[in-house]
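Undergrad: Can you look at this prediction? I've put the sequence above it.
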Amino acid sequence: MISVVTFDLWNTLFTKKSYSEIRLDSLYNFLKKQDIPISTNIVENAYHSKFHFHEVTFEDINFHHIYTKERITRVFKELELKIEDEEIEKLRLELESLMINDPPLLKTGVTNTLEELAPDYQLALISNTGVTPGPIISQVLENYGILQYFDVTIYSDETGLFKPHPKMFEIPLNELNCKAANAIHIGDMVETDVKGANDFDMLSIWLNDSNEINTTDIEPDYEISQIYDAVPIIRSIS
């Protein structure tokens, strides 16, 4: 019997939205204010190669969360710049807070799904946060009026770990006093959401609203094309 439903965030509740170019502009402006003359091409190359850690995998870093300060420091090291910690902290806060004033949209059906499930199930949010930290995300969820539906929110910048690390699923279930067999996770990423849930013996629902082909050997228990389709599945299991 299902008693807990957990949700991914990015591209599951939120629509896709990139802040990469906005953050790059912030970096340009920061260097300009510091009177550091570096060509935009060099800055751009350093940003894209070092800020996003494209050269490593989750396994390479043992699923440890990559904090914004580390990302910034890597870029400045690549640019051979020595920047005071106080200035790095100002830039960190700016980059992390961009989503507040320019949030991604909620996907169609998200509010209805949460409203439908909340009276009968405990709900949790399990999110790899990237650059935007948990408190900012929670504020955006509050602004949208949906934070109230979650009994627990788990963010990788707070746990220090990325999905599919089992701790990301263990922590919320422990807080909700729920066995893995009585929980189901919904997310759009096969490699993080489905694998993480499967490995922790939870049921998994793959939200595949872009009609992708699963080229992995990771099999979700269920596949849906829109978030609200999870509701009848969960009720049928219960």
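TA: Yep, it's here.
Undergrad: Give me the three-state assignment for residue 153.
TA: Following DSSP: H, G, I helix; E, B strand; the rest coil, we place residue 153 in the strand state.
Undergrad: just use 40 as the starting number from now, easier for me
TA: Right, with 40 as the first residue, what we last looked at is residue 192.
Undergrad: I figured it was touching residue 164, is that so?
TA: Yes: assessed by Cβ atoms under 8 Å, residue 192 is found in contact with residue 164 at 4.5 Å. Quick note: C-beta positions are derived from backbone N, CA and C, even for glycine.
Undergrad: Can you check which residues contact both of the two?
TA: residue 180 (Cβ atoms under 8 Å, 6 or more residues apart in numbering).
Undergrad: residue ranges of the strands in this structure, please?
TA: 43-46, 161-166, 191-194, 222-226, 242-246, 261-263 (DSSP state E).
Undergrad: Any buried residues in stretch 57-66, and which?
TA: Neighbour-count burial for stretch 57-66 flags 58, 62, 63, 66 (criterion: 16 or more other Cβ atoms under 10 Å).
Undergrad: Contacts only, for the closest residue to residue 130 other than its chain neighbours.
TA: Using Cβ to Cβ, 6 or more residues apart in numbering and skipping residues adjacent in sequence, the residue nearest residue 130 is residue 69, 5.2 Å away. Shown in contact with residue 69 (Cβ under 8 Å, 6+ apart): 126, 130, 133.
Undergrad: Read off the pLDDT value for the second one.
TA: The one in question is residue 130. pLDDT, residue 130: 97.
Undergrad: My guess is it contacts residue 65. True?
TA: Yes: Residue 130 is in contact with residue 65 according to Cβ under 8 Å; the separation is 7.1 Å.
Undergrad: List the residues that contact residue 266.
TA: Applying Cβ under 8 Å, 6+ apart to residue 266 gives the contacts 51, 52, 146, 147, 148, 149, 152, 225, 246, 248.
Undergrad: Among the residues you listed, name the ones in helices.
TA: The members of these that map onto helices under DSSP state H are 149, 152.
Undergrad: bridging residues for residue 45?
TA: residue 163, residue 224 (DSSP bridges).
Undergrad: give me every residue that touches it.
TA: 162, 163, 164, 165, 208, 211, 222, 223, 224, 225, 236, 241 are the contacts of residue 45 under Cβ under 8 Å, 6+ apart.
Undergrad: could you pull out the helices for this structure?
TA: With DSSP H as the criterion, the chain has helices at 59-72, 79-85, 107-117, 124-135, 137-140, 149-156, 173-182, 195-198, 206-214, 234-238, 269-276.
Undergrad: Dump the last one to CSV, keeping only the CA atoms.
TA: In CSV, the C-alpha atoms belonging to helix 269-276 read as follows (Å, rounded to 0.1, in the frame of the first residue of the first chain):
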residue,chain,number,x,y,z
ALA,A,269,0.2,9.6,-11.8
VAL,A,270,-2.9,10.1,-9.7
PRO,A,271,-5.0,7.1,-11.0
ILE,A,272,-1.9,4.9,-11.0
ILE,A,273,-1.1,5.7,-7.3
ARG,A,274,-4.8,5.2,-6.3
SER,A,275,-4.9,1.9,-8.1
ILE,A,276,-1.9,0.6,-6.2
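Undergrad: Who are the packing partners of that helix?
TA: On a contact count with 3 or more Cβ pairs under 8 Å, 6 or more residues apart in numbering; DSSP states H and E, helix 269-276 meets helix 149-156, strand 222-226, strand 242-246, strand 261-263.
Undergrad: now swap in the second one and tell me
TA: In this structure, helix 79-85 makes packing contacts with helix 59-72, judged by 3+ Cβ pairs under 8 Å, 6+ apart.
Undergrad: coming back round to it: higher neighbour count, residue 192 and residue 164?
TA: Higher neighbour count among residue 192 and residue 164: residue 164, with 24 against 20, using other Cβ atoms under 10 Å.
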